[in-house]
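*Asks:* next one to model:
(2 chains)
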2 protein chains.
Amino acid sequence: MAQQASPLLAPDSTPEALGLMQGFPPAADKTIRFTDPDYFAFPKLRWTVCHFRELMPTTAVRNGSEGVSELPVDIDAGIDAVEFLPLGLEKSMTWHDAFDANYTDGILVLHHGRVVYERYDGCLDEHTLHGAMSVTKSLTGLLGEVLVAEGKLDETALVGDIVPELERSAFGDATVRQVLDMTTALDYSEDYSDPDAEVWTYAAAGSPLPKPKGYEGPRSYFDYLQTVRKDGEHGEAFGYKTINSDVVGWLIARTTGVSIADYLSDRIWSKIGAEREAFYTVDSIGTPFAGGGFNATLRDMARFGQLVLNDGKWAGEQVIPARVIASLRDGGDREVFARAGYELLEGWSYRGMWWISHDDHGSIAARGVHGQTIWIDPAADVVIARFASNPVAGNAANDPTSLPAYRAVAEYLMAQEQSPGLVGRE
Amino acid sequence: MAQQASPLLAPDSTPEALGLMQGFPPAADKTIRFTDPDYFAFPKLRWTVCHFRELMPTTAVRNGSEGVSELPVDIDAGIDAVEFLPLGLEKSMTWHDAFDANYTDGILVLHHGRVVYERYDGCLDEHTLHGAMSVTKSLTGLLGEVLVAEGKLDETALVGDIVPELERSAFGDATVRQVLDMTTALDYSEDYSDPDAEVWTYAAAGSPLPKPKGYEGPRSYFDYLQTVRKDGEHGEAFGYKTINSDVVGWLIARTTGVSIADYLSDRIWSKIGAEREAFYTVDSIGTPFAGGGFNATLRDMARFGQLVLNDGKWAGEQVIPARVIASLRDGGDREVFARAGYELLEGWSYRGMWWISHDDHGSIAARGVHGQTIWIDPAADVVIARFASNPVAGNAANDPTSLPAYRAVAEYLMAQEQSPGLVGRE
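*Replies:* Numbering: from 1, shown residues only, chains lettered A, B, ... in the order given. A predicted model of the protein is given here:
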């Protein structure tokens, strides 16, 4: 069977270009259903990332009732021409061209809290929501860190002492900190290319769809987490495993008495003048998917990034403790991180479910498959929020045309500031 | 097998009283899943009406971005003691006691646009959403009437000329007006107690769940509507059949180019300072269920009722044409309605998917199973919005303790106005 050499290019694979899910009703052969085995495969993926809610059950993350907070707009027309050298390549690329190279659905740059760049394509516009994928984890981790900083959750406590249901699982003798930093030692593979990987059992447990006849396995995220076995010693190596985030979701629910969706609303989403209600996808008993189920508008993701950049302050109010952000920026153990072998992320660490670059700008990031990102560069006072639907899940596919681009734009904006007249007059 | 003589009383059947879906996770025997055959049967129903979103796919109805409109509160402590004679009974009941008698989840009374009564129980509070059931139809009908009034939809046109896919169905030679007023003659039974009734085929078509192996039937609302056969002549008798509403939903989508969810947002929900985004449940291809899938907060339902009471004006703006409301109030053909044989609704009619009482107050209503209502009494300048989870679906079960209660409170509020001092001093 002939294999397609390379996937369709970004402009040729948008839902509109392909006629996917257009019209009332969409054409039978252009329809996407949750029960399609390829509903989350490229190119259907390019529609699905904006429409999780129409495919599966979800739960709301309420925004505030005081209206939308203003994001001042001050577009910098020079950004599109900013050049950078993609990792591992010898030919430079412009910021403009990186948009399509990364199958970007939307990207927004805040500089000093002002929108200097904003562009949408594919299924997204400034009013619609998009799956944040594993960027969700960074929201989960942040809320966990908030509870730690406020003394409601002891980072040295054992998970099994807080959630007795997990006592006999691998998480039972892990500390809250080990789970938050993903240094737990779990007999769990998240290799999606391996059909026997535990991630598939997890996905089956969390699916809201009916179980196949005779199915005897776990029927919810919380059911599954109780079955995870230990493999090695906690605390020795970073291991990026989504189930840690769902354990934090459980810790948060048990500690606060509300679901992580409600807690996120109470603590953050209702405080930053978000434009739309956000949501989480849920399992069959309504548990928000703390490891990857969050959806929001790009502008609201940028607002959230700005809150983190501002050390937890929004419009003069200290919404979350400043020491939470300071602790993220300090980062995790870089040696422990290095053992995980991320070639493109040399010198990085992981802390509170954030990716810490340890670059000289103090940049930190939230990252999700297919190119979802919040990039926070404190030295440049820049936040970059991006939603994308890259055909390849792993960010190693888009990091080469993303990480240096973020740096180049940050440097450009810093340079602009020092000699705006000069650049403007060129 | 012993049968329970009567269902649990309202206070004993709330999700909290029964421990249904409480905690993280809920107890295994207190869990409600979409795949439970009884997820929408009493008493699980009492949780489900507030949680459709967590069970099935949905689509948003966006509210506005300017913040929540104020509903001035001016509670009248005398309302609870208002007495009325339930239909067919000889012993009076108080407004207070009608609350539990009807398994009310929330009820709100607006008088001159001010909240004079507001009470919640069960799964509902002032911030949460509840299924509107067939009150949805009145939203659908209203939007259809707006398009008619604005000349975008010809009420004399044949449905088949607007939606060619319906040309060969029973709807093909029905006029838009006949569908809006449900005087179509359809070979379709909505008798839920008959397992062979067509409503079950319709429900299967619209279900977002996977179809059973070998299923060859329709796979969406729109698929199903094309299969409906005619039975008699259109225009002769009122026949309350949900599928008419979904045809109007299709007419609206075809006429406006957007789904009914987006059109409702554009025309109404974004204009009345709604507190929360509302939503529709959807079928497997994302079609909003125009016949019964709408969910909103009680306060937002009351705002919508007030918009109708105000002849389509909100905060000085004519949001929808006044003649739309005038046409509803004029009502439909009472003889045609009488042929449907509603014993408790003698002298009523049906117009634009609203129930027209033709009482001397000019009251009109939106009505949905299990007790959902918007009651609009123009003479008293009163709107009553109610969400409920009555064990019995049909409103004949709660009309006797509801319709005279609405009237009694309206008369009480009118009397208060004429001699407020007197009543206040008693």
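
*Asks:* what pLDDT is listed against the residue nearest to the spatial centre of chain A?
*Replies:* Nearest to the geometric centre of chain A sits A:V135, at 1.1 Å (CA atoms, centre = their mean). Note on A:V135: pLDDT of 98.

*Asks:* point out where chain A drops to low pLDDT.
*Replies:* A:1-5, A:420-426 (pLDDT under 70).

*Asks:* what's the one residue in it that gets nearest to chain B in contact with, if anything?
*Replies:* Per CB to the nearest CB, the residue of chain A with the smallest distance to chain B is A:G67, at 3.1 Å. To be clear about C-beta, it is placed using only N, CA and C from the backbone, and glycine gets the same treatment. Residues near A:G67 by CB atoms under 8 Å, 6 or more residues apart in numbering or on different chains: A:G273, B:S65, B:E66, B:G67, B:V68.

*Asks:* now with 10 Å?
*Replies:* When the contact criterion is CB atoms under 10 Å, 6 or more residues apart in numbering or on different chains, the partners of A:G67 are A:G273, A:E275, B:G64, B:S65, B:E66, B:G67, B:V68, B:G273.

*Asks:* using the three-state scheme, assign the closest residue to the fifth one other than its chain neighbours.
*Replies:* Just to be clear, that refers to B:E66. Using CB to CB, 6 or more residues apart in numbering or on different chains and skipping residues adjacent in sequence, the residue nearest B:E66 is A:G67, 5.6 Å away. Judged by DSSP: H, G, I helix; E, B strand; the rest coil, the three-state class of A:G67 is coil.

*Asks:* number of nearby residues for A:L45?
*Replies:* When counting by other CB atoms under 10 Å in any protein chain shown, one arrives at 21 neighbours for A:L45.

*Asks:* surely it meets A:Y39?
*Replies:* Yes - between A:L45 and A:Y39 there is a contact under CB atoms under 10 Å: 8.1 Å.

*Asks:* what do the two both touch?
*Replies:* Joint contacts of A:L45 and A:Y39 (CB under 10 Å, 6+ apart) are A:I32.

*Asks:* can you list the domains in chain A?
*Replies:* Taking automatic domain parsing as the criterion, chain A consists of the domains A:10-48, A:129-413.

*Asks:* among those, which comes closest to B:E90?
*Replies:* For the domains of chain A, the distance to B:E90 is smallest for domain A:129-413, at 45.4 Å, taking CB to CB.

*Asks:* ok now the closest one, how far from the chain's centre?
*Replies:* Averaged C-alpha coordinates place domain A:129-413 at 7 Å from its chain's average position (CA atoms, centre = their mean, to the nearest Å).

*Asks:* so is that domain next to chain B?
*Replies:* Yes - under the criterion of CB under 10 Å from any CB of the partner chain, domain A:129-413 makes contact with chain B via A:129, A:163, A:165, A:208-211, A:213, A:219-223, A:249-250, A:252-254, A:256-261, A:273, A:275-277, A:279-280, A:282-288.

*Asks:* from start to finish, how long is that domain in a straight line?
*Replies:* Taking CA to CA, to the nearest Å as the measure, domain A:129-413 stretches 28 Å from start to finish.

*Asks:* likewise stretch A:386-398?
*Replies:* Taking CA to CA, stretch A:386-398 runs 12 Å from one end to the other.

*Asks:* repeat that for stretch A:15-27.
*Replies:* Counting by CA to CA, you get 13 Å between the two ends of stretch A:15-27.

*Asks:* report the distance from that stretch to the chain centre.
*Replies:* Mean-position distance between stretch A:15-27 and its chain equals 28 Å (CA atoms, centre = their mean).

*Asks:* now do the buried residues in it.
*Replies:* For stretch A:15-27, a neighbour-count test (16 or more other CB atoms under 10 Å in any protein chain shown) marks A:P15, A:L18, A:L20, A:M21, A:F24, A:P25, A:P26 as buried.

*Asks:* a helix runs through the third one, doesn't it?
*Replies:* No - with the criterion set as three-state DSSP, the secondary structure at A:L20 is coil rather than a helix.

*Asks:* got a list of what it touches?
*Replies:* Applying CB under 10 Å, 6+ apart to A:L20 gives the contacts A:13-14, A:26-27, A:29-32, A:43-44, A:46-48, A:123.

*Asks:* redo that, cut-off 7 Å
*Replies:* Applying CB atoms under 7 Å, 6 or more residues apart in numbering or on different chains to A:L20 gives the contacts A:K30, A:I32, A:K44, A:W47.

*Asks:* just the first one next, same as before
*Replies:* Contacts for A:P15 were tallied using CB under 7 Å, 6+ apart; they are A:M21, A:Q22, A:R46, A:W47, A:G122, A:C123.

*Asks:* and these as JSON lines, adding distance to B:V73?
*Replies:* JSON lines is the format used below for the contacts of A:P15 (distance: CB to CB, whole Å):
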{"residue": "A:M21", "distance to B:V73": "43"}
{"residue": "A:Q22", "distance to B:V73": "45"}
{"residue": "A:R46", "distance to B:V73": "47"}
{"residue": "A:W47", "distance to B:V73": "44"}
{"residue": "A:G122", "distance to B:V73": "45"}
{"residue": "A:C123", "distance to B:V73": "41"}
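
*Asks:* quick one, phi/psi of the closest residue to A:H370 other than its chain neighbours?
*Replies:* Nearest non-adjacent residue to A:H370, counting by CB to CB, 6+ apart: A:N390, 4.8 Å away. The phi/psi pair for A:N390 (degrees, to the nearest 10) reads phi -60, psi 140.
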